[in-house]
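*Asks:* Provided below are the primary sequence and the corresponding predicted coordinates.
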Amino acid sequence: MIRRLSDLLSPSALELLSASGSEIVRQIGLDVVRGVVLDILRGYNLRDSTEVLTRRRITALNLATLALFLKGLSLSDDFIANLPDLAQEILSRKRVDKIERWLAQWMLGLTDKAFQNVLRDEPQALQEYRERYIRACRDVTAAYVDELGELGGQIQLSDDLRVEINWLWMTYLLNAIGAQTLTIRGSEKSAYGKLFEKLVLGSLLHVLGFKHILPPPHEFAGVFWLSSRGERRESDATLLYKPGMGVRFDIGFIGRGNPEISLDKVTRFEREISLGHSTYYMATIILVDRIGVNSRIEALAQEVGGTIIQMSASYWPKQVARVLQKSIGFKHPILSMDDGEIEVFLKDQMPGVPLHDFIGLSKDFSHHYVRETDEGYTVGEVSEGL
């Protein structure tokens, strides 16, 4: 008897479902991640740069869901007929882990958000929804039988796994894949945002010549750390340039439709912090995706002592260096480089950026890689020193 849908998934599919943060890096490979970070430093949009990664994960999980349906039907002839009932039973349990909850919701054509909005956490509503879902699917498939005839055939996954398919089997499968795709896209948006905020900020400060450390600091010049919590709020990075001078950074892949969020980031930072026996004047730099043409956000930020920089600008790291030069006297060769020289500089620097440090990975780990070649995509597992 099938009690858990996750038991029908392969270990690699379960890893894909649970992947976030550093696990994403393990699965897609460090070379791919470095390429995305480099693209963002050159002014490319994060969503554009990570779309191929999202598409790969969705494709793999779509195929894993197909395999789940095949395995389920191979274990029970009544798997498809009982699938909505199994999904309802799983969702009615008191404790359900995220993967099992997602799978059960997908079998009813639901995402997390739809589950909350449609059912409003009412147990009776779940049963009523299941009944309506079954009825709707059967009505639609009956209409297609009348119009096109019966759908029949076999799908063979291996010598000992061969199943018969029909319209209802296909309807439940496609509904599950549709809900899965919506869920993964929403999950990826948050996961990639948080992951690449650390990677981009850490890479930016590393290529500008600063050393990454862990807080609390024991060095007080030329160093930075990520995600430090001050007395009033969390900043994404804190840079100590020299005794008495530092910079707080905040990064968010915020579009031009959310200027109020950018200003809110600026106004919450404190102007000074105390470290050791010194008080540091802290300049503020906010990195956002882009700002609308007529927005006053940059002027407002200046009024409260902060600077907003758009990552959509080509080679925006030079703008960061200029702000650092003006606010704390920072000097770096990038200040005199043209766009072509910056391109070469960033490409030369990126291989040496310790990305693993920024997200808490060990220096050596075994991970999967996906590389695009002239013949298509190559997938494998390698052990790589970072």
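*Replies:* Thanks, I have the structure now.
*Asks:* How far off centre is the longest helix along the chain?
*Replies:* The longest helix of the chain (DSSP state H) is helix 167-207. On the basis of CA atoms, centre = their mean, to the nearest Å, the separation between the geometric centre of helix 167-207 and that of its chain is 6 Å.
*Asks:* again with stretch 11-19
*Replies:* Counting by CA atoms, centre = their mean, stretch 11-19 comes out at 14 Å from the chain centroid.
*Asks:* for stretch 6-17, same thing?
*Replies:* The chain centre lies 19 Å from the centre of stretch 6-17; the measure is CA atoms, centre = their mean.
*Asks:* Tell me the buried residues in it?
*Replies:* Of the residues in stretch 6-17, those with enough neighbours to count as buried (16 or more other CB atoms under 10 Å) are 6, 8-9, 13, 16-17. Every C-beta, even on glycine, is put in place using the N, C-alpha and C of the backbone.
*Asks:* what's the farthest-apart pair in those?
*Replies:* Among the buried residues of stretch 6-17, the pair separated by the greatest distance (CB to CB) is 8 and 16, at 14.4 Å.
*Asks:* which stretches of the stretch 1-150 of the chain aren't confidently modelled?
*Replies:* Residues of the stretch 1-150 of the chain that meet the criterion pLDDT under 70 lie in 19-24, 27-28, 121, 123.
*Asks:* ranges for the strands of it?
*Replies:* When assigned using DSSP state E, counting those that start in this stretch, the stretch 1-150 of the chain turns out to have no strands.
*Asks:* Helices of that one, start to end?
*Replies:* Listed from the start of the chain, the stretch 1-150 of the chain has helices (DSSP state H, counting those that start in this stretch) covering 11-18, 22-28, 30-41, 46-75, 79-91, 98-106, 112-119, 123-148.
*Asks:* Between helix 11-18 and the longest one, find me the angle.
*Replies:* Our comparison of helix 46-75 with helix 11-18, counting by axes from the mean of the first three to the mean of the last three CA atoms, to 10 degrees, yields an angle of 130 degrees.
*Asks:* quick one: helix 46-75 to helix 79-91, angle?
*Replies:* Using the same axes, to 10 degrees, one finds that helix 46-75 and helix 79-91 are set 120 degrees apart in direction.
*Asks:* And the third one, by the same measure?
*Replies:* Following the same axes, to 10 degrees, one obtains 70 degrees for the angle between helix 30-41 and helix 79-91.
*Asks:* Pull out the buried residues from helix 30-41.
*Replies:* Along helix 30-41, the positions that meet the burial threshold by neighbour count (16+ other CB under 10 Å) are 30, 32-34, 36-38, 40-41.
*Asks:* quick check: mean pLDDT across the longest helix of the chain?
*Replies:* Helix 167-207 comes out with an average pLDDT of 91.
*Asks:* Which residues does the helix or strand following it contact?
*Replies:* Downstream of helix 167-207, the first helix or strand assigned by DSSP states H and E is strand 211-212. Applying CB atoms under 8 Å, 6 or more residues apart in numbering, the external contacts of strand 211-212 come out as 202, 205-206, 219, 222-226, 354, 357-358.
*Asks:* Next one: residue 357 from residue 206, what distance?
*Replies:* As judged by CB to CB, to the nearest Å, residue 357 and residue 206 stand 9 Å apart.
*Asks:* Among the two, which residue is more densely surrounded?
*Replies:* Counting neighbours by other CB atoms under 10 Å for residue 357 and for residue 206 shows that residue 206 has the greater number, 20 against 17.
*Asks:* quick one: residue 160 and residue 74, what's the gap?
*Replies:* Relative to residue 74, residue 160 is positioned 8 Å away (CB to CB).
*Asks:* thinking again about what came up before, keep only those of the contacts of strand 211-212 that are in helices.
*Replies:* Where those overlap with helices, as defined by DSSP H, the overlap consists of 202, 205-206, 357-358.
*Asks:* Among those residues, which one sits closest to residue 79?
*Replies:* When these are ranked by distance to residue 79 (CB to CB), residue 358 comes first, at 44.3 Å.
*Asks:* Can you report how many residues neighbour the closest one?
*Replies:* For residue 358, the number of neighbouring residues by other CB under 10 Å comes to 24.
*Asks:* begin at 51 from here
*Replies:* All right, first residue 51 from here; so that's residue 408.
*Asks:* Please look at it and residue 246 and confirm they touch.
*Replies:* No: taking contacts as CB atoms under 8 Å, residue 408 lies outside contact range of residue 246: 10.2 Å.
*Asks:* Could I get the phi/psi values of residue 289?
*Replies:* According to degrees, to the nearest 10, the main-chain angles of residue 289 amount to phi -110, psi 130.
*Asks:* For it, give me its contacts.
*Replies:* Shown in contact with residue 289 (CB under 8 Å, 6+ apart): 255, 260, 273-274, 296-299.
*Asks:* and it, what are its bridge partners?
*Replies:* The residues listed as beta-bridge partners of residue 289 by DSSP bridges are residue 274, residue 297.
*Asks:* Let me know the outermost residue of the chain.
*Replies:* When distances are taken from the C-alpha mean of the chain, residue 196 lies farthest, 43.9 Å away, according to CA atoms, centre = their mean.
*Asks:* ok, of the contacts of residue 289, which one's closest to residue 183?
*Replies:* Using CB to CB, the shortest approach to residue 183 within the contacts of residue 289 belongs to residue 299, at 47.6 Å.
*Asks:* Could you pull up the mean pLDDT of the helix or strand that contains that closest one?
*Replies:* Under the criterion of DSSP H and E, residue 299 resides in strand 295-302. Throughout strand 295-302, pLDDT has a mean value of 88.
*Asks:* what helices or strands is it leaning on?
*Replies:* helix 217-257, strand 284-292, helix 309-317, strand 328-338, helix 367-378 (3 or more CB pairs under 8 Å, 6 or more residues apart in numbering; DSSP states H and E).
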